[in-house]
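*Asks:* Based on what follows, work out the 3D shape:
(2 chains)
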Amino acid sequence: MSQAKRREFTTVSGHPVKEIYTAEELRGFNPELDLNFPGRFPFTRGVYPDMYRGRLWTMRQFAGFGTAEDTNRHFRYLLEEGQTGLSVAFDYPTLYGYDSDNPLSQGEVGRCGVAIDSLADMEALFEGIRLNRVSTSMTTNAPASIIWAMYLATAEKQRVAWKDLTGTIQNDILKEYIAQKTYIYPPRPAMRLVTDIVSFATRFVPRWNTISISGYHIREAGSTAAQELAFTLRDGIEYVEYCRRAGLEVDDFAPRFSFFFDIHNDFFEEIAKLRAARRIWARVMQQRFNARDPRSQRCRIHSQTAGVSLTAQQPYNNVVRVALQALAAVLGGTQSLHTNSLDETLSLPTQDSVRLALRTQQIIAHETGVANTVDPLGGSYMVEALTNELEQACLDYFSRIDSFGGMIEAIEQGFPQREIQNASYEFAKLMERGEKLIVGVNAFTSGDEAPVEILEIDDSICERQCGKLEKLRASRDNRRVEENLSKLDKAARGRDNLMPFILDCVRSYATLGEICDTLRAVFSEYQEPVSF
Amino acid sequence: MNEKRIRILVAKPGLDGHDRGAKVIARAFRDAGMEVIYTGLRQTPEQIVNAALQEDVDAIGLSILSGAHMHLFPRIMTLVKEKSMDDVLVFAGGIIPDRDIPRLKEIGIAEVFPPGSPLQQIVDFVKTSIRTADL
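*Replies:* Presented below is the predicted three-dimensional model:
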């Protein structure tokens, strides 16, 4: 019997696909309502009318390592190479709100990103870089308000007005409980910090993107495409609801929300996912929240190729995977893109491999011609059918999550976490049985592997960072630090917006760890229910 | 034959939150008939070794993707020896560059499984190592 007859044909997410799609699959489909033109509701075909003809997507490579001084040198190199946007990766201690000299930080300082302990480090990170001349994306969540306060205080030092600042903080705490797990506080006080940021930005830093609602980490944790889509957009709904409850008008804050998706191997499924995301978000904002401003209805997307799809075996194959994923992101109409480097399953990437990843985007942009026409796959029976099916799967998840009472309640009961765990184990079993093939891992494994160069992270970083902290603690006005921390403690027990209090702490050079500890004492620390 | 069930601790040292691999392998061990204890995230070497001692496990599987393994694994192995748990099989998986593996084996990490290792290979390794040690 031929293999083709026995095999099931499914996407990488396990979604069945047909041999051929025809008009039959699109019965009831209304191109005017379901697609419309790009730049028009429901934005299925793209958030802007001319898309890449007007402006190519932003090529934004995520970077950070070592001390602020090390990363500052790298940023200046990127800016000289013509990059206009910066994207900061922080190390684990910074993501968890521990100072570099905390015993828990041992071995982690500066390793997966840059170490930031105080405003002094943030000043050093942007030394010689005028903050009104760059847009800066910062991947920070649990301590987002503190990191952002350090950025705002750095702008003050540079005499740059807050209204001229552009950039993004990830500030998406819900996906931390679901997938990435860099949480500090329990969900409810954490949501207060999120809404405090949104309402502060709305008044004082109006061009700042306040939340980058992220599916990337959900997908990397092993979810399917439909789960990534559903949990991400449902997180978005939760943020809108909480901000409205905090007294904000939807059209005042929703235009500053953006989204971040993973682009995995399944080419058409990923394209359909981005198209579906735009349509669902537009309809949710219009119908569920009565948003009138089209900017509130636009799902602006940052994409990153799937780190999880890269293999340690035959690492040069990763260049090809990244190119195909990047192509899918572009055909799906992304606004910005990070392409992973071939060596990322082994360590942080080297400068050469980062350049190759960037060149991959430039080749797609300038050589393939795919950026000349908006939504070139629009109207394809298959892509439209997949878009519809993903939308339906997403709406089904919305109902299930609504029946828990909302996303926070669903998280507290472990629902999205379980769904992801199950999907990830199912995929591992399919691979184990050879029903899903990964080239170089469970198929085509023969042949010599050319070794790749690996970036070395200098072990003296921790010493240097701890030395800076010691000096800082000896030279700052410690009485002022104490006073500001105690005002923050008091405010945290009340209902005021915490941003002004955090800003005062930061300005007096209180450390990230000291500020987080103050809030830990009030909010407590989240303990994840352990399951597998 | 009355075979004792293997008890195994799956542990996440370091600060990284990448628990996909740890959870998948924990489940594979469970499906293979082992008793599995999973520590959850962000465990210090002390917490991991204490849990292993209290749970009286035959093996500890360490999963780490943060790059801090050269700091944390030696500490774990020192504690394992201090507590006279030399008969406990300790092995690891995650993002661990090849160049670090010889040093890790020297300090007593029995095996290091790179990303993409077949689950069955890891399960078989644990079974074989523990059965051999029991003889």
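*Asks:* residue ranges for the strands of the stretch 201-350 of chain A, please.
*Replies:* Assigned by DSSP state E, counting those that start in this stretch, the stretch 201-350 of chain A shows strands spanning A:208-209, A:211-214, A:257-263, A:301-305, A:336-338.
*Asks:* Around chain B, which positions in the stretch 151-300 of chain A sit nearby?
*Replies:* Listed as neighbours of chain B in the stretch 151-300 of chain A under the rule CB under 8 Å from any CB of the partner chain: A:176, A:180-182, A:220-222. For every residue, glycine as well, the C-beta is placed using N, CA and C.
*Asks:* Oh, that last question was meant for the stretch 301-450 of chain A, not what I typed.
*Replies:* A:308, A:311-313, A:345-348, A:421, A:424-425, A:428-429, A:432, A:438, A:441-442.
*Asks:* quick one: low-confidence ranges for chain B?
*Replies:* Filtered on pLDDT under 70, chain B yields the residue ranges B:1-3, B:134-135.
*Asks:* Scan it for its longest helix.
*Replies:* Counting residues, the longest helix found in chain B (DSSP state H) is helix B:119-134.
*Asks:* How about it, which residues are buried there?
*Replies:* Neighbour-count burial for helix B:119-134 flags B:119, B:122-123, B:125-127, B:129-130 (criterion: 16 or more other CB atoms under 10 Å in any protein chain shown).
*Asks:* Can you confirm whether it lies near chain A?
*Replies:* Yes - Helix B:119-134 reaches chain A (CB under 8 Å from any CB) through B:119-120.
*Asks:* Show me what that helix is packed up against.
*Replies:* Applying 3 or more CB pairs under 8 Å, 6 or more residues apart in numbering or on different chains; DSSP states H and E, we find helix B:119-134 packed against helix A:415-432, helix B:20-31, strand B:59-64, strand B:89-94, strand B:112-113.
*Asks:* 10 Å instead?
*Replies:* Other helices and strands packing on helix B:119-134, by 3 or more CB pairs under 10 Å, 6 or more residues apart in numbering or on different chains; DSSP states H and E, are helix A:415-432, strand B:7-11, helix B:20-31, strand B:59-64, strand B:89-94, strand B:112-113.
*Asks:* can you give me phi and psi for A:Leu86?
*Replies:* The phi/psi pair for A:Leu86 (degrees, to the nearest 10) reads phi -110, psi 150.
*Asks:* what's the burial count for it?
*Replies:* A:Leu86 has 25 neighbouring residues, counting by other CB atoms under 10 Å in any protein chain shown.
*Asks:* got a list of what the closest residue to A:Gly332 other than its chain neighbours touches?
*Replies:* Spatially, and ignoring its direct neighbours in sequence, A:Gly332 is nearest to A:Leu274 (3.3 Å; CB to CB, 6 or more residues apart in numbering or on different chains). For A:Leu274, the contact set (CB atoms under 10 Å, 6 or more residues apart in numbering or on different chains) comprises A:44, A:46, A:229, A:259, A:261, A:263, A:299, A:301, A:303, A:328-334, A:387, A:390.
*Asks:* What about these, which are in helices?
*Replies:* Short answer: those in helices (DSSP H) are A:229, A:328-331, A:387, A:390.
*Asks:* I'd like these as JSON lines, with neighbour count, distance to A:Leu86 and pLDDT appended.
*Replies:* Output for the ones in helices among the contacts of A:Leu274, formatted as JSON lines (neighbours: other CB atoms under 10 Å in any protein chain shown; distance: CB to CB, whole Å; pLDDT from 0 to 100):
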{"residue": "A:Leu229", "neighbour count": "27", "distance to A:Leu86": "28", "pLDDT": "98"}
{"residue": "A:Ala328", "neighbour count": "24", "distance to A:Leu86": "25", "pLDDT": "98"}
{"residue": "A:Ala329", "neighbour count": "29", "distance to A:Leu86": "20", "pLDDT": "98"}
{"residue": "A:Val330", "neighbour count": "25", "distance to A:Leu86": "22", "pLDDT": "98"}
{"residue": "A:Leu331", "neighbour count": "21", "distance to A:Leu86": "27", "pLDDT": "98"}
{"residue": "A:Thr387", "neighbour count": "29", "distance to A:Leu86": "33", "pLDDT": "98"}
{"residue": "A:Leu390", "neighbour count": "28", "distance to A:Leu86": "32", "pLDDT": "98"}
